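S.K.: predicted model and sequence below, questions to follow.
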Amino acid sequence: MGFLVEIKRESLRLVRLFQSSRILADENKIFVLNLDYGIHVDSPPTIPTLTTSYAHGTSTTSLLHTTVGETLLRTVERWPDREAMAFLEGGVRKTFAQFQQDVDRAAAGLLALGLTKGDRLGMWGPNTYEWILFQFATAKAGIILVSVNPVYQLQEAEFALRKVGCKAIVCPEQFKTQKYCNMLRQICPEIESSTPGDIKSARLPDLRSVIVLDNRQPGMLHFEDVMEAGSSQYVQQLQDLQKTISFDDPINIQFTSGTTGAPKGATLSHFNIVNNAYYVGKRVGYTWKPHPRICLPVPLYHCFGSVGGGMCMAVHGISLVFPSAGYDGKANIAALESERCTFIYGTPTMYVDMISQPDLAKYDLSSVETGIMAGSPCPPELVKKVISAMGIKGITIGYGTTENSPVTFCADPLDNIQRKSETVGFIMDHLEVKVVNPTTGEVVPLGELGEIMIRGYCVMLEYWGDQAKTEECITKSGWYKTGDIGSLDAYSYCRIEGRIKDMLIRGGENIYPAEIEQFLHTHPKVKEAQVVGVKDFRMGEEVCACIKLADGEKCTAEEIKAYCKGQVIPSLIFSNERERELLASLHAHWVLLGEPRKGRRTSSQSSVSDRTRPSI
């Protein structure tokens, strides 16, 4: 319930203490109606305002109503000679002015190929300069970028390209074991006999162009062809087009991979991602730090990389450093030192790899102020280990989903270590959150577990071409159902316990794997842990822990069980006796004890999942 407080006009400054209030005024008095659900988020909340599991992140800054192209142009005008990005493996460095020139050339080239506003272009490959170039070139031309997972195989790639009707796709010939052009030829054998730019495929009827980034291929255009195609006619067409592009237009389709069913194409607008990038940067300090340099090893096909990296660059003028095209823990550490990076992004798995580098101590990481950890559940013990091992000031945890552009909760650099390690931060600016009973839909009492739901500017437009799935997860009143189980405290800090679908039911008791995983990470010999359910005749499900030991460590199942006794669920079991005895003596191998219930992601899968949850 709210309450009414009378304050003399000369004491107006006291109103700031009421962080989420409606102010009513007459000639001599001001009345502050505290509604008990707003949280002022310009700085970490200091007043326990909430009385129920609903919060609205109020802010003194307004939402941005600009397109991606307009946003980049403003940053270019402000810092034309600042380095925008460095791709260390490819040896590419670009200032903001140089990048803008390339974006305009590529955008005009795409128009020359016959792509028009609203067409879809797929980007399929690792982190290269061309990836981020086409991210912004498509936005400038009103084309929708389709982020295709670089590890997709034939069936997945064909599904994604056909589902959204890609008219063009950009890829390298090959990266490591991924032979992109060969896979495209298997899907579309007509390519080799086609005129470049005029493909007619039976299985991908919308596809017209394949643009290869490195070695020329029969029937395919080359990257340089696109860059040279934009004559003055198309430059003018591009300029005229800017008047028709709205910040509400779709700009990006990100496929969310699930454990069951086909991937769904979360469709995001300029408005979604420009604002999410702005408020994430505001939260972590990009708006006031002099010149952040971000080490970005996370993949650009994922929202963590494309929005948290690429869009934050365009919005805040930060510099991005890409250590390698594919993930390389040693290259990350080397880049932090050589490029004097001040921030580093990563999933929990990436941080585990970095702090496990045998020669970590020889690197000078004194420039690194903080790391941002997201992508999958982040155990508190890992957060503390990273801070200690890398000698950095802190780790900031972020949480969200691709469907939410992606970040909905984020810690503040000023938060204490307990909040940084045990929560995913507080609600982002201009967003609403409520925690509800998954069965009844009613808001649960403060501190109790329920499904997290989000409403606000960040919610995607739709799942592309799938109205039924869209209506399943977005209510008529605009609430997005995350499918995640968590709780809120009175300051709007959120704790994530797991996925509704991952919840185990043992003898009628609801068990959340993430809680057990976090405890297992406190064992000094445990490097990573995953908890799954196994079928049990009597209990319905029993709990199985899959543990990866730290390098050089030996540990038995009995030792783990003894460590857990009295601390976590007593029924935690390791059921496969023979495998337990065999693996107990092995170093740095998975101690897989029991057959896991199908459907739950492994930790390695989580690190590149569509969900930007607090991490491994």
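M.R.: Sure thing, it's come through. What you see is a predicted model, and the numbers here were worked out from it, not measured in a lab.

S.K.: use CA for all of it now, contacts and neighbours both
M.R.: OK.

S.K.: can you list the weak-confidence ranges in this structure?
M.R.: Per-residue confidence for the chain (pLDDT under 70) gives these ranges: 1-36, 257-261, 505, 507-510, 537-539, 566-616.

S.K.: what comes up buried for the helix of greatest length in it?
M.R.: Across the chain, the longest stretch assigned as helix under DSSP state H is helix 96-112. Neighbour counts over helix 96-112 (16 or more other CA atoms under 10 Å) mark 96-100, 102-112 as buried.

S.K.: now stretch 434-454
M.R.: So, applying 16+ other CA under 10 Å, buried residues of stretch 434-454: 434-438, 443-454.

S.K.: ok, Ile500 - contacts?
M.R.: 451, 483-485 (CA atoms under 8 Å, 6 or more residues apart in numbering).

S.K.: tell me how far it lies from Leu414.
M.R.: Between Ile500 and Leu414 the distance is 31 Å, computed by CA to CA, to the nearest Å.

S.K.: mind telling me what element the residue positioned nearest the centre of the chain is part of?
M.R.: A centroid search over the chain (CA atoms, centre = their mean) returns Phe304, at 3.3 Å, as the residue closest to the centre. In this assignment (DSSP states H and E), Phe304 forms part of helix 303-305.

S.K.: pull the residues that contact that helix.
M.R.: 254, 296, 298-299, 374-375, 402, 405-406, 610, 612.

S.K.: of those residues, closest to Ala334?
M.R.: Leu296 (12.6 Å; CA to CA).

S.K.: list the contacts of the closest one.
M.R.: 305, 309, 320-323, 344-346.

S.K.: and Arg82, by the same measure?
M.R.: 95-96, 319.

S.K.: possible to save those as TSV with distance to Thr244?
M.R.: As requested, the contacts of Arg82 are exported to TSV (distance: CA to CA, whole Å):
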residue	distance to Thr244
Thr95	28
Phe96	25
Ser319	30
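
S.K.: domain ranges for the chain?
M.R.: Domains of the chain are assigned by automatic domain parsing as 1-35, 98-245, 265-500, 504-599.

S.K.: for Asp42, which of those domains is the nearest?
M.R.: Using CA to CA and comparing the domains of the chain, the one that lies nearest Asp42 is domain 265-500, at 7.7 Å.

S.K.: what ranges do the strands span in the stretch 151-300 of the chain?
M.R.: Here the stretch 151-300 of the chain has its strands, by DSSP state E, counting those that start in this stretch, at 166-171, 209-212, 221-222, 250-256, 264-269, 293-295.

S.K.: the shortest one pairs with which strands, and in what direction?
M.R.: Strand 221-222 has its sheet partners listed here by DSSP bridges as strand 209-212 (parallel).

S.K.: I'd like the distance between the residue nearest to Asp198 when sequence neighbours are not counted and Lys167.
M.R.: Sequence neighbours aside, Arg208 is the residue nearest to Asp198 in space, at 5.0 Å (criterion: CA to CA, 6 or more residues apart in numbering). Per CA to CA, Arg208 is found 5 Å from Lys167.

S.K.: coming back round to it: so which of the contacts of Leu296 comes closest to Val532?
M.R.: Gly346 (24.3 Å).

S.K.: burial of that closest one, as a residue count?
M.R.: For Gly346, the neighbour count with other CA atoms under 10 Å is 24.

S.K.: so how many other residues sit close to the nearest residue to it once chain neighbours are set aside?
M.R.: Excluding the flanking residues, the one nearest Gly346 by CA to CA, 6+ apart is Met373, at 5.3 Å. Applying other CA under 10 Å, we find 29 residues neighbouring Met373.

S.K.: and what of Pro290?
M.R.: Using other CA under 10 Å, Pro290 is surrounded by 9 other residues.

S.K.: sorry, back to before: mind putting the contacts of Leu296 in a markdown table, distance to Leu213 and secondary structure included?
M.R.: Below are these laid out as a markdown table (distance: CA to CA, whole Å; DSSP: H, G, I helix; E, B strand; the rest coil):
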| residue | distance to Leu213 | secondary structure |
| --- | --- | --- |
| Gly305 | 20 | helix |
| Gly309 | 22 | helix |
| Leu320 | 21 | strand |
| Val321 | 21 | strand |
| Phe322 | 18 | strand |
| Pro323 | 19 | coil |
| Ile344 | 28 | strand |
| Tyr345 | 26 | strand |
| Gly346 | 26 | strand |
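
S.K.: now those residues in JSON lines, with distance to Gly38?
M.R.: Shown next, in JSON lines, are these (distance: CA to CA, whole Å):
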{"residue": "Gly305", "distance to Gly38": "30"}
{"residue": "Gly309", "distance to Gly38": "29"}
{"residue": "Leu320", "distance to Gly38": "35"}
{"residue": "Val321", "distance to Gly38": "37"}
{"residue": "Phe322", "distance to Gly38": "39"}
{"residue": "Pro323", "distance to Gly38": "41"}
{"residue": "Ile344", "distance to Gly38": "32"}
{"residue": "Tyr345", "distance to Gly38": "30"}
{"residue": "Gly346", "distance to Gly38": "31"}
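
S.K.: from memory Gly230 sits against Gly114, does it?
M.R.: No. Assessed by CA atoms under 8 Å, Gly230 is found out of contact with Gly114, at 11.0 Å.

S.K.: of those two, who's got more company?
M.R.: Gly230 (23 against 14).

S.K.: distance of the more buried one from Leu336?
M.R.: Taking CA to CA, one finds Gly230 at 38 Å from Leu336.

S.K.: before we move on, what about Gln518?
M.R.: From Gln518 to Leu336 the distance is 28 Å (CA to CA).

S.K.: equivalent analysis for Arg120, please.
M.R.: On the measure of CA to CA, Arg120 and Leu336 end up 36 Å apart.

S.K.: likewise for His302?
M.R.: In terms of CA to CA, His302 sits 22 Å off from Leu336.

S.K.: for the closest residue to Tyr278 other than its chain neighbours, list the residues it contacts.
M.R.: What sits nearest to Tyr278 in space, not counting adjacent residues and going by CA to CA, 6+ apart, is Val315, at 6.2 Å. By CA under 8 Å, 6+ apart, Val315 lies in contact with 71-72, 75, 274, 277-278.
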